[in-house]
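In: Give me the fold of what follows.
(2 chains)
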Amino acid sequence: MLIRKLFRTAWGYKAQFISMILMITLGMGMFLGFNMEWKTIEADTGKFFEQTKYADYRLYSEKGFTRDELNKLSSIDGVDAGTRFLSVNLDIKGEKNKSLALDVSEDFNASVFIVTDGAEYDENSDDFWLSDKFAEKNDIQIGDELTLEFQGVDITGKIAGLIKSGEHMICVADKNQMMPDYSTFGYAYISPKKLKKAVKAKLKDTMTGELEKSGVPKEMLDESVERLMTDTAVGEAVDKVYCQVNLLSALPKEKLEDKVKDALGRTIMVTPKDDHVVYKEAMGEAEEGKTMGSVLPVLFLAIAILTMVTTMHRIATKEKTQIGTLKALGFKNRRILRHYTSYGLFIGIAGTALGVALGFGVCKLIMSENGMMGTYFDMPDWSAAIPEFCYPVLVLTVVLLTLISFLSVRQQLKGTAADALRPYSPKKTRKTIFERLRFWDKLHFGTKWNFRDLSRHKSRSAMTLFGIVGCMVLMVGGLGMRDTMSGFLDLLDKDISNYTTKINLADDADLTKSKDLYEKIGGDWESLCGISLDGDTVTLDIIHNPNNMLNVIDEDNNRIKLGDDGVYLCLRLKDKANIGEEIEFSPYGSNDTYKARVLGYNRSVMTESVTMTDALADRLGIEYSISSVYTDKKSDEIAGSELISGKQDKAQLMETFNSFVEIMDSMVIILVVAAVILGIVVLYNLGIMSYVERSRELATLKVLGFRNRTIGRLLISQNIWLTFIGVLIGLPAGVGVLQWLLTALAGEYEMKLMLGVLTYSVSILLTFGVSLLVGLMIARKNKKIDMVEALKDTE
Amino acid sequence: MSIVQFDNVTKSYKSGEHELKALDKVSFTLDEGKFVVILGPSGAGKSTLLNLLGGLDSPTDGKITVNGKDISTLSDNELADYRAETVGFVFQFYNLIPTLTVYENVELVSTISKNALDAKQMIAEVGLSDHLHNFPSELSGGEQQRISIARALAKNPKILLCDEPTGALDSETGVMILKLLLDMAKNYGKTIVIVTHNQSIAKMADVVIRVKNGKIRSVKEQENPMSAEEVEW
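Out: Numbering: from 1, shown residues only, chains lettered A, B, ... in the order given. Next up is the predicted model:
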C-alpha cells in the first residue's frame, strides 16, 4: 500500500522528483563521463601499447648502432627485448604534400604493429604494411603499389597489409603538429631485408658517383663497385641507418643510462617513453581529462546533491501532516521512516542509473572511433573504462541521497502524532540590518517582499545562488578554455610563426651542407636536440632568426629579441634558475657540459626547452645540426635535396591545430549545454518550491487586486536578483577555476589565460537568459493559481 | 439604492462525470450601506456566492451587477481592477503577507488602489498603532484580523466582503472584531457582506440571506438588529 503511496506522492511532487532525478542524472553523467574519458584513454592506449610492444626506451645515436651493440644492449639485466629501429619521414613519389613515416623494427620484438587487414608481417617480404587510416583516407587498397623517396633512392613495393601501430597512435609528423591529418601524413613498415636492399642501392649509387668522379672508366664501374660492395661495407651502411634502438625494460632511466654506458662504453641519449610524442601526448590527454574531471563534473554532482538536500527537506516538511496521519493510524516510526527514506533511495537509484547511461554516452561521444578523439588516436579498441573510485562514488551518492531523505523525515517524526498533525508554522521573522536602515521604508513593497523571502528561506536562496554560480563557472570555464586555446593558436599563427613553409632536414644532415641549403632558401633556421638539465630531458632550441620567420615570445606574449649572452628558459623550467643565474647542461650523446647565464623566460609552444641563439651555441662550441628551415617560400618553390626529409605548409599545420580546436569546441558545447540544463533544472526546481511556498501570498495579492503581470514581475525579479549576485560571484569564480585548470595543465601547455568579451557576454547573457526563462515559466503558473483554494487552508 | 444585483446566477463545477451545482439560478439585490449576513450550513453555496461577488470566480450562467457594472463577463485584468477598487476582503485566516510588517501589509494596497486611505490612520483606527513595525507572526489572531480589516478598508472599497471573519477567534475576540467591522463600516459608509454559519451573527444584520443547497431560501430585512455586545454566542 505504502509503495502505491510512494508513486502517488512522487507524482504529486512530479516537478521536484523529475528535477531531482534529472539533476542527479546530469551530475552523475558529467562526473562519470569526464572521468571515464581519461580512464578509457589510459586503459585502451595501455592495452594497445602492450599489444604493439610500444618501446619503454629509445636510444639515439647519430652514428647508428651496430648489431653487436644491440646484442650488448639486449643482454643488459632488466632489458626484456630490444631492436634496432628506423623511423624516417619520407615523401610519397608522385603525390603532392603526402608523406609517410617509414618504420623498420629489425628484430620485430619491440615497436611492432597489428594487422587489421591483409597479410601478416614477414621479415623476408618485399612489401609495405601501411597505416589503415592513411589507406582509407587516400583510397589505397591492398595490392596497390607505393614508392617512397629515401635519400635519393626509390623504395617501391606492394601493400601487403593494413596496420595499426602504437608508435604512431597519434600520427603526427613532428612535435609541432598537434593533430593527425591522415590525408597528408601516415606511416608504413617494411622488413629489414627491404631496408637493406634500399641501403645497398643507395650505397651503390654513392660509390658509382665517387668512382666516376675519381676517373674510373665506365666499363669498369660495375665491376669496381661490386668489388667494393662487400658485406662489411653494406653492413656499415646499414648500421648507420639504424640511429635508434628501442628497448622494452622496466628499469628506471638513470639505472638504464648507467648500464647502457657500461655496455657500450659511451654516453647515449636514452629517452624514456614519457618523452616520446605519442606516449607523452596520450598521457597528457589523460592527465588533462583527470584535471578537468576533478573540477567541473564534481561541481555538477555537488550542486545536484546540495539541491537535493533542500528539496527533500521541503518535501518532508510539506508531508508533515501525512506523517502525523500515518502516526495517528498506528504506523510505527520505523515504518514511516522506511517509507519516506525510500523516496531518496528511489531518486538515487533512478538518477544514478540514468547518470551511468549518460556517463557512457558522454564518454562515447568523446572516446570512440567516430567520436571527438577518433581523429586524434588511432587504435583498435575503444572499450569504455570506469575509474575504480567511481564505483564507491556511485554507491555513496545513492547512500547519501537516502540519508538525506532519512534525516529530513526523522526531523518531522520527532514528538507525538498530534505534534506532527499540527500544521507547519513558519519561523518568526526578525528584521535584518538592512531593514533598520533609513532607505528601507522608501523601497517598493515588492523589493521588501522579495528581500525578506530570500532572507527567510536562506537554504533555498543559497542553493539557487549556488546553482547560478555553478552554471556561470561552467560556462566561463568552458568558453574560456576555448578562448585561451584559440588565443594561443592565434599567437602561434601570427606572432611566433611568420613563415610559409617549414622544411625539415634529415637527422644526419651535415651542418655545412645544411647552411648552404639555408643560404639558398633564405628565412630562419632552428636546431632541436635533447639535453640533460638537472637530470631532466629537455630540448635545446638553437635559433637563427634574422628574418623573424620564427619568433620567441615572453610571458606577456611579446616578441623577444634573443640576446647572444645567455639562454632563455621556457616557463615550465622557470624554477630551474632565476634570471642572471647560470645553468649547466649536457647534450645527449656527449660527455661535454656547458654553462650559460639565464637572460629571461619564454613561452614555449610545445616542448620544454632551453633557447639560445646560434651565435651563443657557436661560441660555447656546441655541436648541432639544423633541424628545420623556416621560409616564406611556398612548398613547390623549394627544390628537392637529399638533405630535406619533408616539407610542411604552415597553413596545413594550422589546419591540424584547428581540428584540435574543433575537439575542444565539442567539449565546450557539452559543458555549456550541460550548464544550461543544470541552470534550468536547479532554478526551476527551487523556483517551483518558492512558488508553492508562496502560493498563499500570491493568491492574497491576487485577491487584493494585483494583476497577474505585476505578480509575475515580482517572481521574475527575485530570480533576476539572485542571478545578478550569482553572476557577480560566478564570473571571478569561473576565471579562478580556469586559472587553476591552466596551472594544473601547465605541465603540458604554457598557455596564458585569455578571455574574450564574447565569452563574458555569452556567459552572462545565457545565465540571465536561463534565469529569465525559468522566471517566465514560473510566472505563467501564477495565472492558474486558484485564489479560493489557496486561501482556504490555515497558515 | 441597490449596489449588488444577482440575476439567475448559476455556478457549477465538474467533478469527474458529475456536474455539481454550487449555486442554482440565484437572484437577489443588496442596498448600499447595509450590513448583510449570508447564512447557511457547510456546502450550502455561501462561500461560492461571496467569491462570485468578490470577483474571485466567474458564474457559469447569469449576470452579476455591482455598482451598475456587469462583472460576470470581465477579463482577468478587469477583474483584478474590480477587486482593487470595488471590494475589500476579510478572511477567516487573515491572509496577511507574513514577510511584510503590519504597516507594509496595509500600505501595500496603496500601490493598486487609486482612492487608497492613509495606512497609518487605518491602523490607528483598528487600535494597533503600537504594532506598526511588527510582523504578522508577532501578533495574536484577533490583532491579525484587525490588520486584515484595516487593509481591506484602506483600499476604500464600496463593499467589504468577510468570509467567516470570526471563525478562527474566541468569542470575546469575535465580538470585538464584529463591533469593529460594524463601526468602521458605519464611519466609512461601506456595505458589508458577511458569510457565516453562525446564527448569532445574523442577529446583528440589516439583511439576512439564507442559503441552502445552492438556492436562496429567504431574504429577510431586520428592522432592529442587535448590537455586537448584545449578541450571545
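In: Just the buried positions in the host helix or strand of A:Ile729, please.
Out: Per DSSP states H and E: A:Ile729 is located in helix A:708-744. By 16 or more other C-beta atoms under 10 Å in any protein chain shown, the buried positions in helix A:708-744 come out as A:708, A:711-723, A:725-727, A:729-731, A:733-735, A:737-738, A:741-742, A:744. Using the backbone N, CA and C atoms, a C-beta is placed for each residue, glycine as well.
In: Quick one: classify the residue in the stretch 51-200 of chain A that chain B sits nearest to as helix, strand or coil.
Out: Among all residues of the stretch 51-200 of chain A, A:Met178 sits closest to chain B, at 57.4 Å; criterion: C-beta to the nearest C-beta. Three-state call for A:Met178 (DSSP: H, G, I helix; E, B strand; the rest coil): coil.
In: what's the spacing between A:Ala302 and A:Met28?
Out: Separation of A:Ala302 from A:Met28 (C-beta to C-beta, to the nearest Å): 12 Å.
In: Kindly report the same for A:Ala744.
Out: For A:Ala744 relative to A:Met28 (C-beta to C-beta), the value is 23 Å.
In: cool, and A:Gly470?
Out: 15 Å.
In: again with B:Gly54
Out: B:Gly54 is 50 Å from A:Met28, by C-beta to C-beta.
In: Among the two, which residue is more densely surrounded?
Out: Just comparing B:Gly54 and A:Met28: by other C-beta atoms under 10 Å in any protein chain shown the higher neighbour count belongs to A:Met28, 30 against 24.
In: ok, A:Cys319 to chain B distance?
Out: No, residue A:319 isn't Cys; it's Glu. From A:Glu319 across to chain B, the span is 21 Å (C-beta to the nearest C-beta, to the nearest Å).
In: Not counting sequence-adjacent ones, nearest residue to B:Asp81?
Out: A:Gly705 (6.7 Å; C-beta to C-beta, 6 or more residues apart in numbering or on different chains).
In: Was I right to think the one you found contacts B:Ala80?
Out: Yes. Look at A:Gly705 against B:Ala80 with C-beta atoms under 8 Å: they come within range, at 5.4 Å.
In: For chain A, what's its nearest residue on chain B.
Out: Counting by C-beta to the nearest C-beta, chain B gets nearest to chain A through B:Ala84 (2.6 Å).
In: just checking, that residue is part of a strand?
Out: No. Counting by three-state DSSP, B:Ala84 is not found in a strand; it is helix.
In: pLDDT at it, what is it?
Out: On pLDDT, B:Ala84 comes in at 89.
In: now the strands: where do they sit in chain B?
Out: Applying DSSP state E to chain B gives strands spanning B:2-15, B:18-31, B:35-39, B:61-66, B:69-70, B:87-90, B:159-163, B:191-196, B:207-212, B:215-221.
In: Tell me which other helices or strands the second one touches.
Out: Identification of packing neighbours for strand B:18-31 by 3 or more C-beta pairs under 8 Å, 6 or more residues apart in numbering or on different chains; DSSP states H and E yields strand B:2-15, helix B:46-53, strand B:61-66, strand B:191-196, strand B:207-212, strand B:215-221.
In: The ones you listed into JSON lines, with extra columns for mean neighbour count, mean pLDDT and distance to A:Ala353?
Out: Below are the helices and strands packed on strand B:18-31 laid out as JSON lines (neighbours: other C-beta atoms under 10 Å in any protein chain shown; pLDDT from 0 to 100; distance: least, C-beta to C-beta, whole Å):
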{"stretch": "strand B:2-15", "mean neighbour count": "16", "mean pLDDT": "89", "distance to A:Ala353": "39"}
{"stretch": "helix B:46-53", "mean neighbour count": "24", "mean pLDDT": "89", "distance to A:Ala353": "47"}
{"stretch": "strand B:61-66", "mean neighbour count": "18", "mean pLDDT": "94", "distance to A:Ala353": "53"}
{"stretch": "strand B:191-196", "mean neighbour count": "24", "mean pLDDT": "92", "distance to A:Ala353": "53"}
{"stretch": "strand B:207-212", "mean neighbour count": "20", "mean pLDDT": "93", "distance to A:Ala353": "56"}
{"stretch": "strand B:215-221", "mean neighbour count": "14", "mean pLDDT": "92", "distance to A:Ala353": "58"}
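In: intersection of neighbour lists for A:Ala302 and A:Met28?
Out: Common contact partners of A:Ala302 and A:Met28 (C-beta atoms under 8 Å, 6 or more residues apart in numbering or on different chains): none.
In: show me where pLDDT drops low in the chain?
Out: No chain was given, so I picked chain A. A:1-3, A:5, A:175-177, A:416-430, A:508, A:589-590, A:746-749, A:790-795 (pLDDT under 70).
In: not what I meant, chain B
Out: In chain B, residues with pLDDT under 70: B:233.
In: buried residues in the longest helix along it?
Out: In chain B, taking DSSP state H as the definition, the longest helix is helix B:171-188. Using 16+ other C-beta under 10 Å as the burial criterion, the residues of helix B:171-188 that qualify are B:Thr173, B:Gly174, B:Val175, B:Met176, B:Ile177, B:Leu178, B:Leu180, B:Leu181, B:Leu182, B:Met184, B:Ala185.
In: chain center to it, what's the gap?
Out: Counting by C-alpha atoms, centre = their mean, to the nearest Å, helix B:171-188 is centred 13 Å from the centre of its parent chain.
In: again with stretch A:311-331
Out: 49 Å.
In: If we go by neighbour counts, what in that stretch is buried?
Out: Of all the residues in stretch A:311-331, those buried under the rule 16+ other C-beta under 10 Å are A:311-316, A:318-320, A:322-324, A:326-327, A:331.
In: Who is residue 161 paired with across the strands?
Out: The chain I'm using is chain A. A:Gly118, A:Trp129 (DSSP bridges).
In: Chain B was what I was after
Out: For B:Leu161, the beta-bridge partners are B:Phe89, B:Val193 (DSSP bridges).
In: Kindly confirm whether my reading is correct that it touches B:Val87.
Out: Yes. B:Leu161 sits in contact with B:Val87 when judged by C-beta under 8 Å, with a separation of 5.5 Å.
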